[in-house]
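Student: test case, fold it:
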Amino acid sequence: MAGKGCISLLRADKILTYIAHVGAASFTQLQKDFDLPKSSLLNILDTMVDCGLLIKNEARQYQLGIKVYELGCQSLHRRSLFEITKRPMQELAMRTGLICHLGTIEDFHALYLDKVESPLSKPTERSWVGKKLDFHSTALGKALLAWKTDGELRLYLDQLELAQYTPKTITDRSMFIEELKLTRRRGWGLDAEESSPLAVCLSTPVFDLAGRVNYAVSLSADPTTFTSERIEGYLRMLSDCSLQISRGLGYGGPAPVLLTSES
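Tutor: Residues are numbered from 1 along each chain as shown. Presented below is the predicted three-dimensional model:
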């Protein structure tokens, strides 16, 4: 049987998780949702504030303290990015039989950080680690930009040259902005033969400890693979991979909801 101290620790953990999801909560809200005696809840909250795990904002609501961020960063710094990404990407490549890429942003381009091929996938030399990609014509690029703030997005858009690579490439700035809105709304990016003929890619974002998107994962195949009947299954596996990586980076938010409709 757990001792009194262990019970308090379990309650503190649940409170931290709850506040991480809602952002901020009042004492009344916490008491209602956790159904604890006022004295017990207040004692736990006061201790967590003293430890720096929680703070009180100007509205007297409880929020996560900087100590949580500091501890998370210290943990992440002891693990390389590829320790976190390699296994989920390998599992995704094996489950789908497709090529999986990890991407990030560098110098106003998307950049391949890693590439995992399945034994069942057709080898290709069209992609390699370190290859730079345009944002407007690739699924990775769209997923990386779609979750940026308006100010950040303006900065990137000012640097874009919307070069045309195929008849399907988006070359109009306003259309590309709408494409980014669609990407964020449905939860995934699409390259429908926009960067290269007969090449289709899907991409989902990776969220970090602060809920920001600095990485994305993609699957590449030909148009006959991502049919309307099969795309939902691929997206589900791709999203699972991205969420595993997000959790490894400290993301504690809800799993993203994917929409297969483009409306």
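
Student: verify the stated contact: L180 with L144.
Tutor: No. L180 is beyond contact range of L144, at 10.1 Å (criterion: CB atoms under 8 Å). Bear in mind the C-beta positions are built from the backbone N, C-alpha and C, glycine included.

Student: flag the shaky bits of this structure, pLDDT-wise.
Tutor: Residue ranges of the chain with pLDDT under 70: 1-5, 70, 72-79, 122-124, 261-263.

Student: domain-wise, how is it divided?
Tutor: Split into domains by automatic domain parsing, the chain comes to 4-75, 79-248.

Student: need these in TSV (columns: distance to L258 and mean neighbour count).
Tutor: As requested, those are arranged in TSV below (distance: least, CB to CB, whole Å; neighbours: other CB atoms under 10 Å):
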stretch	distance to L258	mean neighbour count
domain 4-75	19	14
domain 79-248	4	18
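
Student: distance to V257 added to those domains, as CSV?
Tutor: As requested, the domains of the chain are exported to CSV (distance: least, CB to CB, whole Å):
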stretch, distance to V257
domain 4-75, 15
domain 79-248, 6
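
Student: three-state assignment of the residue most central in space within the chain?
Tutor: The centre of the chain sits closest to V206, judged by CA atoms, centre = their mean, with a distance of 2.3 Å. Remark: V206 carries the secondary structure label strand [criterion: DSSP: H, G, I helix; E, B strand; the rest coil].

Student: and it, bridged to which residues?
Tutor: Y215 (DSSP bridges).

Student: any chance you could map the strands in the stretch 51-200 of the chain?
Tutor: Assigned by DSSP state E, counting those that start in this stretch, the stretch 51-200 of the chain shows strands spanning 54-56, 62-64, 99-106, 109-116, 132-133, 189-192, 200-207.

Student: do you know which of those strands lies nearest S26?
Tutor: strand 62-64 (7.5 Å; CB to CB).

Student: what lies in contact with the closest one?
Tutor: 16, 19-20, 23-27, 30, 45, 49, 53-57 (CB atoms under 8 Å, 6 or more residues apart in numbering).

Student: pick the one among these closest to P254.
Tutor: For these, the residue nearest P254 by CB to CB is A20; the value is 10.3 Å.

Student: hang on, that closest one packs against Y251?
Tutor: No. Taking CB under 8 Å as the definition, A20 is not a contact partner of Y251, at 9.7 Å.

Student: pull the contacting residues for the nearest residue to I177 once chain neighbours are set aside.
Tutor: Nearest residue to I177 in three dimensions, chain neighbours excluded: L157, at 7.3 Å (CB to CB, 6 or more residues apart in numbering). Residues near L157 by CB under 8 Å, 6+ apart: 173, 176-177.

Student: which one of the residues you listed is nearest to T138?
Tutor: Nearest to T138 among these, counting by CB to CB, is F176 at 11.8 Å.

Student: for the closest one, what are its contacts?
Tutor: Listed by CB under 8 Å, 6+ apart, the contact partners of F176 are 136, 157, 160, 162, 170.
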